[in-house]
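*Asks:* Curious how this folds, go ahead:
(one chain, ligands or ions: 1)
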Amino acid sequence: MESILIANRGEIAVRVIRAARDLGIRTVAIYSELDRDAVHTAMADEAWNVGTAPAADSYLNIDRILEVASESNAAAIHPGYGFLAENADFAQRVIDAGLIWIGPPPAAIRGMGDKIESRIAAESAGVNGVPGINEPLTSADEVVAFADEHGLPIAIKASGGGGGRGLKVVHEASAIADALESAGREAEAWFGNSAVYVERYLENARHIEAQVLFDSHGNGVFLGERDCSMQRRHQKLVEECPAPGLTEDERSHVGELALALGHAANYESAGTVEFLYSDGEFYFLEMNTRIQVEHTVTEEVFGVDLVAEQIRVANGEALSITTTPAPVGHAIEFRINAEDPSQGFIPNPGTLVKYKEPGGPGIRIDSGVVQGSEISQYYDNMIAKLIVTGQSRDEVIHRARRALTEYEISGVDTTIPAHLAILSNEEFLAGRVSTRLVEDGMDFSKVERSTAPALPRTRNWRNGTLRSRSAADVSRSNTGRRYSPPPDRENELRHGAKHRNSPSRQDRPQVKELYQHRCKARS
Ligand code: MV4
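*Replies:* Residues are numbered from 1 along each chain as shown. Now for the predicted structure:
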């Protein structure tokens with residue numbers, strides 16, 4: 001494989017560029033008008049404009065992306081996550097264009113994308129889902145009968161949904177008819193598929209997911225599980241590997257379930273099988289047919305480059321590892337989003353006026369931004385992922401408090417104060433996580449906002465709290481940190497990342513030189 005076009009932006013585009021470069025592969029970025037000066041645009045060996053800011057015109061513009069793939073002579077396409085990553089039609093069109101698709105076979109994407117079909121696939125592979133009905137619902141009577149047999153609450157889910165989108169929880173029999181009605185209507189509007197199905201709703205469960213990798217030679221490997229119970233409105237905040245408190249037997253059991261499903265589905269590439277874990281049992285929820293945001297914690301604990309494995313497998317090579325290695329230590333990922341936790345995590349797009357990442361032992365940051373970058377309302381508001389690794393969960397927690405306190409971001413509110421609150425939550429600290437903890441067990445309304453303070457702040461490095469200093473404090477000492485003005489953005493654009501126009505065929509040797517030059521500069 002000589003080159004990869006990355007059909008994505010932000011941190012995951014940067015992550016794929018890094019994996020490709022580690023393998024000596026040329027990279028082609030695409031960017032929207034808004035991302036002309038983005039990190040991923042500057043970092044790739046070539047960058048091509050694919051449209052205006054709205055994703056539908058750029059990062060979801062299949063015709064234009066395939067045109068750029070052809071013009072740039074790309075050999076393969078990596079979709080990252082989100083956007084086109086789980087679009088089976090796109091995967092098929094990539095293959096039909098004679099390109100290598102760095103992802104699972106379109107049939108596997110399609111099969112797992114239909115949640116009723118994926119439940120049937122799982123059960124025929126011996127993997128039990130949450131008790132439910134594997135058929136589209138046709139009447140409220142069926143749901144009432146199901147509730148009579150299995151009890152309330154129940155979940156009505158869109159077959160075309162997933163990730164919690166199109167999920168309705170019903171706690172009373174009297175609410176069934178309305179819930180079914182609105183679930184069907186929303187499913188049709190959001191997913192173009194009105195099919196909905198019913199499951200028992202497990203209230204106090206944990207969300208545990210298994211990472212698997214398959215190649216085209218029939219090899220599959222389980223690379224441990226992650227606990228992703230710490231979510232809010234189906235947005236994950238914190239993910240960890242391994243899942244706290246799971247026994248060795250439980251770990252290998254969930255691995256066997258995930259591998260059985262993948263083999264049965266003729267799966268290839270990286271995939272994640274999601275389970276609910278309740279009273280020592282694993283119940284299949286869905287399979288995500290992409291590299292996930294939280295793949296990083298698995299990489300840290302299992303010492304595997306999952307994106308490089310995706311590339312190797314797509315190239316027809318065998319997996320570099322075929323047996324599950326022993327996990328080493330512990331890793332936790334914190335999603336640093338431009339949101340205000342004190343106001344219900346309301347999105348807070350804007351300019352990163354000050355942006356300085358923490359460092360030191362056990363700290364990995366996957367980001368696609370620098371100081372001065374814009375967090376746009378057009379795209380996901382994740383600024384970065386902070387991945388903290390250590391020998392034990394306890395060491396990770398102490399390091400994470402330090403790293404989150406060391407992080408300097410101003411210009412936008414971030415989830416950092418929420419993470420510090422999680423790191424002082426007793427249930428979390430004890431490893432007693434559940435899908436209810438963030439939403440029902442925590443109050444973020446009083447966390448300190450992280451936007452640029454009017455006065456310098458002092459930090460409590462033990463618990464990460466910030467205290468705004470009084471004017472008197474400041475007059476006593478002039479050494480406190482002050483608000484720093486925004487960087488001269490114009491200047492940065494002139495002297496910083498040079499924008500490269502879409503190269504024509506004749507330009508390509510220069511691009512190659514640029515890449516070689518960059519590689520030299522790096523070595
Ligand atoms: C469930 C569930 C409980 N029972 N289904 C959310 C994401 C998507 N993959 C499926 N999800 C869930 N499905 C049944 N039958 C619990 C979740 C769930 C969840 C629900 C509410 C709040 C946070 C949650 C976090 C993870 C999973």
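*Asks:* What count of nearby residues applies to A175?
*Replies:* Under the neighbour criterion other C-beta atoms under 10 Å, A175 is assigned a count of 15. Every C-beta, even on glycine, is put in place using the N, C-alpha and C of the backbone.
*Asks:* Need phi/psi at it.
*Replies:* Backbone torsions of A175, given as degrees, to the nearest 10, read phi -90, psi 0.
*Asks:* can you check R393 too?
*Replies:* The phi/psi pair for R393 (degrees, to the nearest 10) is phi -60, psi -40.
*Asks:* if I look at it, how far off is V273?
*Replies:* As defined by C-beta to C-beta, to the nearest Å, R393 lies at a distance of 23 Å from V273.
*Asks:* got the contact list for stretch 188-199?
*Replies:* By C-beta atoms under 8 Å, 6 or more residues apart in numbering, the residues outside stretch 188-199 that reach it are 114-116, 119, 129-137, 142-143, 146, 154-161, 165-166, 180, 183-185, 187.
*Asks:* I misspoke; the intended subject was stretch 81-90.
*Replies:* In contact with stretch 81-90 (C-beta under 8 Å, 6+ apart) are residues 7-8, 12, 55, 59-60, 62, 65, 79, 103, 106-107, 109-110, 113, 288-293, 380.
*Asks:* Of these, select the buried ones using a ChimeraX command.
*Replies:* Here is the ChimeraX command that selects only those of the contacts of stretch 81-90 that count as buried (16 or more other C-beta atoms under 10 Å):
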select :7,8,12,55,59,60,65,79,103,106,109,110,113,288,289,290,291,292,293,380
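*Asks:* In strands, which of the contacts of stretch 81-90 fall?
*Replies:* N288 (DSSP state E).
*Asks:* so of the contacts of stretch 81-90, which ones are in helices?
*Replies:* In this view, these that belong to helices under DSSP state H are I12, I62, I65, P106, A107, I109, R110, G113.
*Asks:* The third one touches A7, doesn't it?
*Replies:* What that stands for is I65. Yes: using C-beta atoms under 8 Å, I65 is in contact with A7, at 5.4 Å.
*Asks:* Can you pull the residues that touch both of these two?
*Replies:* With contacts defined as C-beta under 8 Å, 6+ apart, the residues adjacent to both I65 and A7 are I30, I77, L84.
*Asks:* nearest spatial neighbour of the first one, skipping sequence neighbours?
*Replies:* To tie it back to what came earlier, the one meant is I30. Nearest residue to I30, sequence neighbours excluded (C-beta to C-beta, 6 or more residues apart in numbering): V50, at 4.5 Å.
*Asks:* Could you double-check that that neighbour lies in contact with S58?
*Replies:* Yes: here V50 reaches S58: they are 4.7 Å apart, a contact under C-beta under 8 Å.
*Asks:* who touches both of these two?
*Replies:* Shared contacts of V50 and S58 (C-beta under 8 Å, 6+ apart): I30, Y31, S32, R64.
*Asks:* In TSV, list the residues you listed along with pLDDT.
*Replies:* Shown next, in TSV, are the shared contacts of V50 and S58 (pLDDT from 0 to 100):
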residue	pLDDT
I30	98
Y31	98
S32	98
R64	98
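*Asks:* neighbours of S278, just the number please.
*Replies:* Using other C-beta under 10 Å, the number of residues around S278 comes to 16.
*Asks:* And Y407, how far from L429?
*Replies:* Per C-beta to C-beta, Y407 is found 20 Å from L429.
*Asks:* Show me which of the two is the more surrounded one.
*Replies:* Remark: of Y407 and L429, Y407 carries more neighbours, 23 against 14, as counted by other C-beta under 10 Å.
*Asks:* So what does the residue nearest to that one when sequence neighbours are not counted look like in phi/psi?
*Replies:* Using C-beta to C-beta, 6+ apart and skipping the chain neighbours, the partner closest in space to Y407 is P358 (5.2 Å). Backbone torsions for P358, taken as degrees, to the nearest 10, come to phi -70, psi 170.
*Asks:* if I read this right, P358 contacts E406, doesn't it?
*Replies:* Yes: in this structure, P358 is within contact of E406 by C-beta under 8 Å, at 3.7 Å.
*Asks:* Quick check: residues of the stretch 301-450 of the chain near the ligand?
*Replies:* Taking C-beta under 6 Å from any ligand atom as the contact definition, the stretch 301-450 of the chain meets the ligand at T435.
*Asks:* what about the strands in the stretch 301-450 of the chain?
*Replies:* For the stretch 301-450 of the chain, the strands defined by DSSP state E, counting those that start in this stretch occupy 330-337, 339-340, 346-347, 350-351, 354-356, 363-367, 374-375, 382-390, 408-410.
*Asks:* Pick the most deeply packed of the ones you listed.
*Replies:* For those, the largest average neighbour count (mean count of other C-beta atoms under 10 Å) is found in strand 330-337, namely a mean of 26.
*Asks:* Could you list the paired strands of it along with their orientation?
*Replies:* Strand 330-337 has the following sheet partners, assigned by DSSP bridges: strand 235-241 (antiparallel), strand 382-390 (antiparallel).
*Asks:* does the first one come close to the ligand?
*Replies:* Translated: strand 235-241. No: remark: strand 235-241 sits outside contact range of the ligand, by C-beta under 6 Å from any ligand atom, the gap being at least 8.2 Å.
*Asks:* Show me what the helix or strand that contains A258 packs onto, helices and strands only.
*Replies:* A258 belongs to helix 248-264 when assigned by DSSP states H and E. In this structure, helix 248-264 packs against helix 115-124, strand 206-214, strand 220-232, strand 269-278, strand 281-288, with contacts taken as 3 or more C-beta pairs under 8 Å, 6 or more residues apart in numbering; DSSP states H and E.
*Asks:* Report the rounded mean pLDDT for that helix.
*Replies:* For helix 248-264, mean pLDDT is 98.
*Asks:* same thing with stretch 304-320?
*Replies:* The average pLDDT for stretch 304-320 rounds to 98.
*Asks:* buried stuff in it?
*Replies:* Buried residues in stretch 304-320, counted by 16+ other C-beta under 10 Å: 304-315, 319.
*Asks:* and it, how far from the chain's centre?
*Replies:* 19 Å (C-alpha atoms, centre = their mean, to the nearest Å).
*Asks:* Stretch 87-107 now?
*Replies:* For stretch 87-107, the separation from the chain centroid amounts to 21 Å (computed by C-alpha atoms, centre = their mean).
*Asks:* about what we covered before: same list (the ones in helices among the contacts of stretch 81-90) but as a markdown table, adding pLDDT.
*Replies:* Listed next are the ones in helices among the contacts of stretch 81-90 as a markdown table, based on pLDDT from 0 to 100:
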| residue | pLDDT |
| --- | --- |
| I12 | 98 |
| I62 | 98 |
| I65 | 98 |
| P106 | 98 |
| A107 | 98 |
| I109 | 98 |
| R110 | 98 |
| G113 | 96 |
